[in-house]
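1. quick one: sequence and predicted model below, then my questions.
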Amino acid sequence: MPDLDPTTLTIANLAPRIAAREVSPVDVTACYLERIKRLNPTLNAYSTVMEEDAMADARQAEEEIASGNYRGPLHGMPVSIKDNLAVKGHPTTAGTKILADWKPDFDATVVTRLREAGAIVLGKNNMHEWAGGGTTMNPYFGITYNPWDTSRVPGGSSGGSAAAVAADLCLVSIGTDNAGSVRNPAAWCGTVGLKATYGRVSRWGGVAGTGGFSSDHFGPFTKTVEDCALVLAAIAGEDPNDPLSSAEPVPDYTESLGSAVAGMKVGVVDSYFGELMVDEVAKSFQDAIAAMESLGMQVQDITIPHMDAVPAVQAATSRCENLVAHEPYLRKQPRDYSFELMARNIASLTIPASSYVTSQRVRRVICREFEEALEDVQVIVAPTVGMAAPTIEECKQGFADVAGRRVPFRHPSGSFGTRATIPFNVTGLPALSVCCGFTASGLPLGLQVVGACFDEARVFQVAHAYEQAAGWVGRNPGLG
């Protein structure tokens with residue numbers, strides 16, 4: 001086996017070596033499986049490891065490349081899948097006791113497209129129960145631990161996916177994002193996490209009840225913005241199985257990387273996001289703004305008049321939509337839910353149809369306000385989460401004390417961990433979280449870069465320029 005150090009590997013630097021047959025997909029896969037065996041017992045990022053299937057697929061990839069059938073930059077790349085996305089013949093639990101024994105006889109479209117690109121599926125990632133929270137403290141499959149500090153949560157609901165990428169237990173993971181469930185753990189684990197435009201990535205094959213019909217998105221976790229662009233190109237596009245997927249053409253997202261960003265306008269909605277940030281996050285955010293200005297970008301305040309209605313709109317729409325799949329289970333086996341999630345679902349039953357309809361109308365107003373703002377600026381930037389990853393004990397007590405400020409995790413206007421991310425689930429705009437610094441104790445923080453609908457290329461361009469200028473890329477938790 002060649003000398004492979006997963007902590008230094010990216011898709012972009014590994015793909016040419018695989019294509020040139022300097023490195024074998026078999027060796028790469030074996031290297032990652034060995035690392036999973038060594039570190040997963042501590043982190044609990046994987047709920048299922050598919051070692052036998054992964055090695056068989058790696059051998060097939062090696063044979064294809066040797067015969068001249070190289071499929072592209074994902075060929076031979078080790079990936080993992082959140083456990084609410086169907087993988088044929090393997091448990092797809094959605095983090096719930098109710099589906100613990102379900103093994104689908106099909107792959108979700110995102111899994112099919114990864115396989116068609118030649119990727120090697122290593123296994124399934126642990127997640128928050130039914131994707132219904134932001135900690136990945138799962139009562140049935142155990143807590144997933146943050147690789148940067150195992151006394152802390154990785155975020156959620158795609159916490160296992162974020163932890164797996166951050167700990168170099170795969171190069172890519174696919175998660176789902178109904179209220180921030182890709183971007184929140186990406187920020188707390190120091191990875192890149194993307195929620196593309198609504199409809200850009202097919203949702204077919206996801207477990208019903210783990211996201212609202214009109215606000216849920218599937219998206220990748222990667223180590224770099226460039227890798228994220230490569231993955232999106234492979235999984236995006238219209239899917240006949242998903243009538244809500246878009247026929248918008250899929251460009252080469254890497255073409256914009258490295259292009260100058262000087263002269264672009266960057267919007268900041270300080271009236272909403274400003275109050276969410278604790279001191280260290282606020283400083284990191286201002287430093288990120290300064291870095292963008294040093295690249296020649298122009299930063300300006302923008303106003304979204306109905307921004308304060310976002311949390312209510314998100315709750316009244318996504319909870320009603322999500323509940324459709326839960327109602328039969330709630331009637332037949334309510335005790336197979338954690339008490340918290342059961343209570344939330346029962347409460348959702350009380351939301352009247354008039355509130356749902358009104359929320360959808362208000363949602364259209366908010367979408368239009370963002371569309372108008374993005375006619376004046378090219379991207380919007382915001383913090384991903386207002387604080388660094390809390391400890392497990394803080395999550396149990398429901399608040400954290402940060403620099404003399406008590407931060408409650410539950411608030412009348414929504415969960416603290418998702419208040420910065422839900423505006424872009426409500427609007428469906430593409431939003432990417434990239435690392436924007438570290439706290440004094442060494443915990444990563446995240447910055448969101450948001451663009452107009454189907455303008456992911458611009459989001460990648462700006463995020464990549466910032467990533468390269470800021471210099472945070474390449475740092476890892478030091479797990480060996």
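-> That came through fine. The shown structure was predicted, so the numbers you read here are calculated from the model rather than taken from an experiment.
2. okay, buried residues for the helix or strand bottoming out on mean pLDDT in the chain please.
-> Across the helices and strands of the chain, mean confidence by mean pLDDT, DSSP states H and E is lowest for strand 405-408: a mean of 89. Buried residues in strand 405-408, counted by 16 or more other C-beta atoms under 10 Å: Val407. (C-beta placed from N, C-alpha, C; glycine too.)
3. give me the number of residues near the closest residue to Asn125 other than its chain neighbours?
-> Excluding the flanking residues, the one nearest Asn125 by C-beta to C-beta, 6 or more residues apart in numbering is Gly160, at 3.3 Å. Close neighbours of Gly160, defined as other C-beta atoms under 10 Å, add up to 35.
4. do I have it right that Gly160 meets Gly123?
-> No. With contact defined as C-beta atoms under 8 Å, Gly160 does not reach Gly123; the gap is 9.7 Å.
5. now list whatever residues contact both of the two.
-> 46-47, 80 (C-beta atoms under 8 Å, 6 or more residues apart in numbering).
6. ok, now which ones touch Val250?
-> 233, 236-237.
7. which one (most neighbours) among these?
-> That'd be Ala236 among the contacts of Val250, by other C-beta under 10 Å, with 25 neighbours.
8. rewinding a little: how about residues contacting the least confident helix or strand of the chain?
-> 278-279, 386-387, 398-401, 416.
9. how far away from the center of its chain is the helix or strand just after it?
-> Downstream of strand 405-408, the first helix or strand assigned by DSSP states H and E is helix 423-427. The chain centre lies 14 Å from the centre of helix 423-427; the measure is C-alpha atoms, centre = their mean, to the nearest Å.
10. which is the next helix or strand following helix 423-427?
-> strand 431-438.
11. that following strand - what's its average pLDDT?
-> The average pLDDT within strand 431-438 is 98.
12. okay, now the sheet partners of that strand, with direction.
-> strand 192-195 (antiparallel), strand 444-450 (antiparallel) (DSSP bridges).
13. where do the helices sit along the stretch 51-200 of the chain?
-> Assigned helices in the stretch 51-200 of the chain, in chain order: 51-66, 109-116, 159-166, 183-189 (criterion: DSSP state H, counting those that start in this stretch).
14. can I get these in CSV including distance to Asp455 and mean pLDDT?
-> As requested, those are exported to CSV (distance: least, C-beta to C-beta, whole Å; pLDDT from 0 to 100):
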stretch, distance to Asp455, mean pLDDT
helix 51-66, 33, 98
helix 109-116, 21, 98
helix 159-166, 25, 99
helix 183-189, 17, 98
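15. would JSON lines of the ones you listed with distance to Ala12 be doable?
-> Converted to JSON lines, these look like this (distance: least, C-beta to C-beta, whole Å):
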{"stretch": "helix 51-66", "distance to Ala12": "17"}
{"stretch": "helix 109-116", "distance to Ala12": "17"}
{"stretch": "helix 159-166", "distance to Ala12": "15"}
{"stretch": "helix 183-189", "distance to Ala12": "18"}
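16. still on that earlier bit, are any of the contacts of strand 405-408 buried, and which?
-> Here, 16+ other C-beta under 10 Å leaves 278, 386-387, 400, 416 buried among those.
17. ok, and the closest non-adjacent residue to Thr421?
-> Nearest one to Thr421, counting by C-beta to C-beta, 6+ apart, is Gly180 at 2.8 Å.
18. show me where the stretch 201-350 of the chain has helices.
-> Using DSSP H, counting those that start in this stretch, helices in the stretch 201-350 of the chain cover 225-235, 270-273, 279-294, 310-332, 339-348.
19. tell me which residues in the longest one are buried?
-> Of the residues in helix 310-332, those buried under the neighbour-count criterion (16+ other C-beta under 10 Å) are 310-323, 325-326, 329-330.
20. got the angle between it and helix 339-348?
-> Inter-element angle recorded for helix 310-332 and helix 339-348: 100 degrees (by axes from the mean of the first three to the mean of the last three C-alpha atoms, to 10 degrees).
21. hang on, the earlier thing: got a list of what the residue nearest to Thr421 touches?
-> Here Gly180 is in contact with 134, 384-385, 417-418, 420-422, 425 (C-beta under 8 Å, 6+ apart).
22. max pairwise distance over these: which two?
-> Greatest spatial distance among those (C-beta to C-beta): Val385 and Asn425, at 14.4 Å.
23. quick revisit: in JSON lines: the contacts of Val250, plus distance to Val299 and pLDDT.
-> Below are these laid out as JSON lines (distance: C-beta to C-beta, whole Å; pLDDT from 0 to 100):
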{"residue": "Ala233", "distance to Val299": "29", "pLDDT": "98"}
{"residue": "Ala236", "distance to Val299": "29", "pLDDT": "98"}
{"residue": "Gly237", "distance to Val299": "34", "pLDDT": "98"}
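24. out of those, which comes closest to Glu293?
-> For the contacts of Val250, the closest approach to Glu293 (C-beta to C-beta) belongs to Ala233, at 30.1 Å.
25. OK, contacts around that closest one?
-> Applying C-beta under 8 Å, 6+ apart, the residues near Ala233 are 250-254.
26. can you tell me which of those has the most neighbours?
-> Tyr253 (22 neighbours).
27. show me what contacts it?
-> 229-230, 232-233, 456-457, 460.
28. now these in JSON lines, with distance to Glu34?
-> Shown next, in JSON lines, are the contacts of Tyr253 (distance: C-beta to C-beta, whole Å):
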{"residue": "Ala229", "distance to Glu34": "29"}
{"residue": "Leu230", "distance to Glu34": "25"}
{"residue": "Leu232", "distance to Glu34": "29"}
{"residue": "Ala233", "distance to Glu34": "29"}
{"residue": "Glu456", "distance to Glu34": "34"}
{"residue": "Ala457", "distance to Glu34": "37"}
{"residue": "Phe460", "distance to Glu34": "32"}
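29. need the buried ones from those selected in PyMOL.
-> Applying 16+ other C-beta under 10 Å to those, the buried members can be selected in PyMOL as follows:
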select buried, resi 229+230+232+233+456+457+460
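30. name whatever forms a beta bridge with the residue nearest to Val49 when sequence neighbours are not counted.
-> By the measure of C-beta to C-beta, 6+ apart, the closest residue to Val49 outside its immediate chain neighbours is Gly123, 4.2 Å from it. With DSSP bridges applied, Gly123 shows beta-bridge pairing to Val49, Ser80.
31. residues in contact with Gly123?
-> Gly123 sits in contact with 36, 46-50, 54, 80-81, 90, where contact means C-beta under 8 Å, 6+ apart.
32. from Ala45, how far out is it?
-> 9 Å (C-beta to C-beta, to the nearest Å).
33. overlap in contacts of the two?
-> With C-beta under 8 Å, 6+ apart, Gly123 and Ala45 have common neighbours Ser80.
34. endpoint to endpoint, stretch 419-433 covers what distance?
-> 14 Å (C-alpha to C-alpha, to the nearest Å).
35. centre of this structure to the edge, which residue is at the far end?
-> Ser67 (35.4 Å; C-alpha atoms, centre = their mean).
36. for the spatially most central residue of the chain, give me the pLDDT.
-> Per C-alpha atoms, centre = their mean, the C-alpha nearest to the average position across the chain is that of Val182, at 1.9 Å. pLDDT for Val182: 98.
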